[in-house]
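[1] A predicted structure for the sequence below; I have some questions about it.
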Amino acid sequence: MASKRKAMSNNIEGKVVVITGASKGMGEATACLLSVWGADVVLGAQRINRIQALADKLTGSGSKVLAVATDVTHCDPVKTLVDAAVPRYRFVEVMLNHTRQGQGAARHAA
């Protein structure tokens, strides 16, 4: 099992991952795990105070993190989320949608 974890972490290390729904639950857990594995994470959620606190925590652990207030029920905020990542990281390699609402918005913005 340890070798499987190592292989997975090496595969994600240095990748830029945008995560919606990052303020709680699976989105938050995914952000924490991927940052431990070395990914640069871009957090999107409506609750900016929660994702900023998570960003501060992860940054304090040495991770590269950006937090952007995002309402995935509309396309423009999702596009803004991706557009905020590009100047900082040059590109986005992975986008994960961890919200139950607005699933179509994230798909259309990418």
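    Now that the structure is in, tell me what you want to look at. Numbers count the residues shown, from 1 in each chain.
[2] use CA for all of it now, contacts and neighbours both
    Noted.
[3] quick one, what contacts residue 12?
    By C-alpha atoms under 8 Å, 6 or more residues apart in numbering, the contact list for residue 12 reads 34, 37, 38, 39.
[4] which of those has the most neighbours?
    Neighbour tally across the contacts of residue 12 (other C-alpha atoms under 10 Å): the maximum, 23 neighbours, falls on residue 39.
[5] So which residues of the protein form helices?
    Along the chain, counting by DSSP state H, helices occupy 2-12, 25-36, 48-60, 75-89, 103-109.
[6] what's the third one packed up against?
    With contacts defined as 3 or more C-alpha pairs under 8 Å, 6 or more residues apart in numbering; DSSP states H and E, helix 48-60 has these neighbours: helix 25-36, strand 40-45, strand 65-69.
[7] quick one, it and strand 40-45 angle?
    170 degrees (axes from the mean of the first three to the mean of the last three C-alpha atoms, to 10 degrees).
[8] What lies in contact with helix 48-60?
    Outside helix 48-60, the residues touching it (C-alpha under 8 Å, 6+ apart) are 22-23, 28, 32, 35, 43-45, 64-69.
[9] please redo it, this time with the cut-off set to 10 Å
    21-24, 28, 31-32, 35-36, 41-45, 61-70 (C-alpha atoms under 10 Å, 6 or more residues apart in numbering).
[10] Likewise for the second one?
    By C-alpha under 10 Å, 6+ apart, the residues outside helix 25-36 that reach it are 8-9, 12-24, 37, 39-45, 50-51, 54-55, 57-59, 61-65, 96-99.
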